[in-house]
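> coordinates only, sequence not included:
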């Protein structure tokens, strides 16, 4: 942990020359602006003003990035002389007021609401990604790094050294991976994380994705988190493991089935409305189309279920298995927590929520979100409107040029 009473010493002793202020746009993509470290100590509390529309916030002429002091770390993969430090940042108006487009704030407000109602929460993630070869120009191809399958070992599994480097890099900056292995698809990998408080877990996930991209590139590879990069192969999922506690006891531990039942029923009730956030790109629905069980909004025992109970490190958690890595995790987690809390407040039971399925198309998910009073309440009308408009634009782009749009998404995600 950096002592911010002596930030100048941190800069000097760490040979830090550049400060990156990273932030997350509405899509959940990490972006940043880099400033010189010299003199930044005086600007810690006020941050940096940048152009808003170009940063992914079309409703804002300018935004102020204010560093979150607890998120600073040195980027290990950057040059060790003239080093780079990075903060995750809050998004505010030029005058310093919080903005409704700050998705980190949506989650932090949700966590505060849970606390007001006597609950705490932690989440962990299991993230899948593919490693692809590059062409002679350094551009990504659809040729996978290997042809291994689930839990294979070297020499079939050619990704173990990359995964090792990713995990060690995460540990170096204070992120705790739990396990890693080769997944079902050729060139596909999975890394699982220790559970953390929601905001920290989502921050770690955003940083993790950038680490994977950077380490893959350093090894002459391209890492893709696209939900369905290869039509005939396993898709990239993102399992979110929830632990909700009341009076320091997990509601999913079997001690109070009524609370757990109500939380799960709340998530089920709002699943269709929230689908556009958990499945946020057209490729998401290509992935879902191959998993019939995961599209049925139920709690079941099968591994490929929409929700199931999982045991990790001897603890029972609720695993939400339908989301993918294209989502804005801050919003996806916030919506699940708010839906579950609403279910508890309303005294829902499994029998009180009618069986349903996830929308089958991107366009159907857009319509469900656009008409949702629940989303307007949780996210605010401005954020929801901006998000839906962006998704409608994506749907139009794909309709005009399906192949070009898919290629663009592959190279972006």
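Nice, I can see it. Source: prediction; values computed, not measured.
> end-to-end on stretch 309-328?
From its first residue to its last, stretch 309-328 covers 23 Å (CA to CA, to the nearest Å).
> Report the mean confidence score over it.
In this model, stretch 309-328 carries a mean pLDDT of 87.
> Could I get the buried residue list for it?
Neighbour counts over stretch 309-328 (16 or more other CB atoms under 10 Å) mark 309-310, 312, 317-328 as buried. Quick note: C-beta positions are derived from backbone N, CA and C, even for glycine.
> and what of stretch 234-253?
Buried-residue list, stretch 234-253, by 16+ other CB under 10 Å: 234-246, 250-252.
> Which ones among the residues you listed map onto strands?
Cross-referencing the buried residues of stretch 234-253 against strands under DSSP state E gives 238-246, 250.
> got any ranges where this protein has weak pLDDT?
Applying pLDDT under 70 to the chain flags residues 1-8, 78-80, 255-256, 312-313.
> For the ones in strands among the buried residues of stretch 234-253, which two are the farthest from each other?
238 and 246 (26.4 Å; CB to CB).
> hang on, the earlier thing: closest to residue 304 among the buried residues of stretch 234-253?
The shortest gap between residue 304 and any of the buried residues of stretch 234-253 belongs to residue 237, at 9.0 Å (CB to CB).
> Got phi/psi on the closest one?
Torsion angles at residue 237 (phi, psi; degrees, to the nearest 10) stand at phi -100, psi 170.
> re earlier: reformat the ones in strands among the buried residues of stretch 234-253 as a markdown table; add distance to residue 266.
Shown next, in a markdown table, are those (distance: CB to CB, whole Å):
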| residue | distance to residue 266 |
| --- | --- |
| 238 | 21 |
| 239 | 19 |
| 240 | 15 |
| 241 | 17 |
| 242 | 12 |
| 243 | 16 |
| 244 | 11 |
| 245 | 17 |
| 246 | 15 |
| 250 | 17 |
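> so who does residue 11 touch?
Each residue near residue 11 by CB atoms under 8 Å, 6 or more residues apart in numbering is listed here: 37-38, 40-41, 85.
> Tell me which entries of those residues lie within strands.
Those of the contacts of residue 11 lying in strands (DSSP E): residue 85.
> report the longest strand in the protein, please.
In the chain, with assignment by DSSP E, the single longest strand is strand 119-134.
> tell me the angle of the next helix or strand after it relative to strand 119-134?
Following the chain from strand 119-134 toward its C-terminal end, the next helix or strand by DSSP states H and E is strand 140-144. Orientation of strand 140-144 against strand 119-134 (axes from the mean of the first three to the mean of the last three CA atoms, to 10 degrees) gives an angle of 90 degrees.
> what are the pairing partners of strand 140-144, and which direction each?
Paired neighbours of strand 140-144 in the sheet (DSSP bridges): strand 119-134 (antiparallel).
> List the buried residues for the partner strand?
Neighbour-count burial for strand 119-134 [16+ other CB under 10 Å]: 119-132, 134.
> now the helices for this protein?
Secondary structure of the chain (DSSP state H): helices at 7-13, 103-116, 160-172, 198-218, 257-269, 271-278, 282-288, 292-295, 329-345, 362-370, 373-379, 381-400, 402-412.
> For residue 52, which of those helices is the nearest?
Nearest to residue 52 among the helices of the chain is helix 381-400; the distance by CB to CB comes to 11.3 Å.
> tell me what the closest one is packed against?
helix 271-278, helix 282-288, helix 362-370, helix 373-379, helix 402-412 (3 or more CB pairs under 8 Å, 6 or more residues apart in numbering; DSSP states H and E).
> buried ones in the last one?
Neighbour-count burial for helix 402-412 flags 405-406, 409-410 (criterion: 16+ other CB under 10 Å).
> who touches that helix?
29, 139-140, 142, 224, 226, 229, 281-283, 394, 397-398.
> And for the third one?
The contact list for helix 362-370 (CB under 8 Å, 6+ apart) reads 272-277, 279, 281-282, 284-285, 358-359, 375, 384, 387-388, 391-392, 394-395, 398.
> which of those residues are buried?
The buried subset of the contacts of helix 362-370 - by 16+ other CB under 10 Å - is 272-277, 279, 281-282, 284-285, 358-359, 375, 384, 387-388, 391, 394-395, 398.
> Could you export the helices of the chain as a markdown table, including distance to residue 70?
Converted to a markdown table, the helices of the chain look like this (distance: least, CB to CB, whole Å):
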| stretch | distance to residue 70 |
| --- | --- |
| helix 7-13 | 13 |
| helix 103-116 | 12 |
| helix 160-172 | 17 |
| helix 198-218 | 8 |
| helix 257-269 | 28 |
| helix 271-278 | 26 |
| helix 282-288 | 32 |
| helix 292-295 | 35 |
| helix 329-345 | 16 |
| helix 362-370 | 32 |
| helix 373-379 | 25 |
| helix 381-400 | 24 |
| helix 402-412 | 29 |
